[in-house]
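Student: let's see this in three dimensions:
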Amino acid sequence: MEIHPTAVVSPRAELAPDVRVGPYAVVEGEVVIRSGCEIGAHAVVKRFTTLGERNRVYEHATLGGEPQDVKFRGEPSRLVVGDDNLIREYVTIHRASGEGEATVVGSRNFLMVGVHVAHNCTLGDDNTLANGAALAGHIQVEDHVFFSSNVGAHQFVRFGRYAMVGGKSKIVQDVLPFFTTDGNPPRVRGLNAIGLRRGGFAPESRAALKRAYQVLFRARLPLASALSALEESGDEHVRHLARFIRAARRGFTREERETAVSTERELLFEVSR
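Tutor: Numbering: from 1, shown residues only. Model prediction:
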């Protein structure tokens, strides 16, 4: 174990023998840090936090802080982090609100500078959150989601797997899996083609998802009919898309309708005459 002389590590913390703790870092009691982790200078790991293996926590990050929730009364709750995560400078991840509840971050996630993950969020695996992305409480993120810089997300929304979210988007409804969502207000812009290719999706699956996009947004079908069509697909990813939509409680972000765009342009033209 390599602990810098200026670091403060509680004797009630449980650290694996090969953990490294940098200058002026703080590790509070009731913390578990497993093998291969590195805690950077001035980082803080607060009580009730568990880190899996080979996580790297960079300078000035704070993990396991108390939730920013007016209902919080100091009850014991947890932050649980998986393996092989990169948690860059000034990231904040809060533990949950509610006794026995947990904020959960999976494995192989990349949280860039200044990312915030609030109480009771659940992140899956292999997600990338670029600088300044901020997740409010109770958000669910599936796997392989890419957040561009300064995305802001309302509490309780969900992000489907292999979604791509454009920079500075204000997210107030669920973000569909496999698609690119961008703008203010946010709109579905098309298939996340690059992400799917990088993710190893077979050409047949990419084609099936492209057809699903057409059924959802271009066929002018009632939503119930469109979902029934997706559920009959032979492609598991398309069926997952349908399940994701059916589970929505806040609605989901949709494509901008061409008619609405045309009407807006016509109004702007009339005003400018």
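Student: any weak-confidence spans in the stretch 151-273 of the chain?
Tutor: Applying pLDDT under 70 to the stretch 151-273 of the chain flags the ranges 257-273.
Student: what about the helices in it?
Tutor: All helices of the stretch 151-273 of the chain, identified by DSSP state H, counting those that start in this stretch, fall at 193-198, 203-217, 223-231, 236-246, 258-272.
Student: mind putting the ones you listed in TSV, distance to residue 180 and mean neighbour count included?
Tutor: To be clear about C-beta, it is placed using only N, CA and C from the backbone, and glycine gets the same treatment. Compiled in TSV, the helices of the stretch 151-273 of the chain are given as follows (distance: least, C-beta to C-beta, whole Å; neighbours: other C-beta atoms under 10 Å):
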stretch	distance to residue 180	mean neighbour count
helix 193-198	8	15
helix 203-217	10	17
helix 223-231	18	15
helix 236-246	14	18
helix 258-272	17	9
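Student: residue contacts, residue 29?
Tutor: The contact partners of residue 29, taken as C-beta atoms under 8 Å, 6 or more residues apart in numbering, are 10-13, 47.
Student: same thing but 7 Å
Tutor: Residue 29 is in contact with 10, 12-13, 47, counting by C-beta atoms under 7 Å, 6 or more residues apart in numbering.
Student: same check, this time on residue 223
Tutor: Per C-beta under 7 Å, 6+ apart, neighbours of residue 223: none.
Student: quick one, phi psi at residue 99?
Tutor: Backbone geometry at residue 99, expressed as degrees, to the nearest 10, gives phi -60, psi 130.
Student: once you drop chain neighbours, what's closest to it?
Tutor: Leaving aside its sequence neighbours, residue 99 sits nearest to residue 75 (C-beta to C-beta, 6 or more residues apart in numbering; 4.0 Å).
Student: what are the phi and psi values at the residue nearest the centre of the chain?
Tutor: The centre of the chain sits closest to residue 141, judged by C-alpha atoms, centre = their mean, with a distance of 4.4 Å. Dihedral angles of residue 141 (phi, psi; degrees, to the nearest 10) stand at phi -120, psi 120.
Student: isn't it right up against residue 127?
Tutor: Yes - Residue 141 lies in contact with residue 127 (C-beta atoms under 7 Å); the separation is 5.7 Å.
Student: how many other residues sit next to the residue nearest to residue 143 when sequence neighbours are not counted?
Tutor: What sits nearest to residue 143 in space, not counting adjacent residues and going by C-beta to C-beta, 6+ apart, is residue 124, at 4.1 Å. Residues near residue 124, counting by other C-beta atoms under 10 Å, number 20.
Student: just residue 248 next, same as before
Tutor: Neighbours around residue 248, by other C-beta under 10 Å: 14.
Student: residues in contact with the residue nearest to the centre of the chain?
Tutor: Neighbours of residue 141 in contact, by C-beta under 7 Å, 6+ apart: 122-124, 127, 159.
Student: of those, which belong to strands?
Tutor: 122-123, 159 (DSSP state E).
Student: with distance to residue 150 added, can I get those residues in TSV?
Tutor: Listed next are the ones in strands among the contacts of residue 141 as TSV, based on distance: C-beta to C-beta, whole Å:
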residue	distance to residue 150
122	22
123	18
159	16
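Student: any of those residues buried? List them.
Tutor: 122-123, 159 (16 or more other C-beta atoms under 10 Å).
Student: between the residues you listed, which is closest to residue 93?
Tutor: Closest approach between those and residue 93, by C-beta to C-beta: residue 123, at 9.2 Å.
Student: thought that closest one was touching residue 107?
Tutor: No - counting by C-beta under 7 Å, residue 123 does not reach residue 107; the two are 9.7 Å apart.
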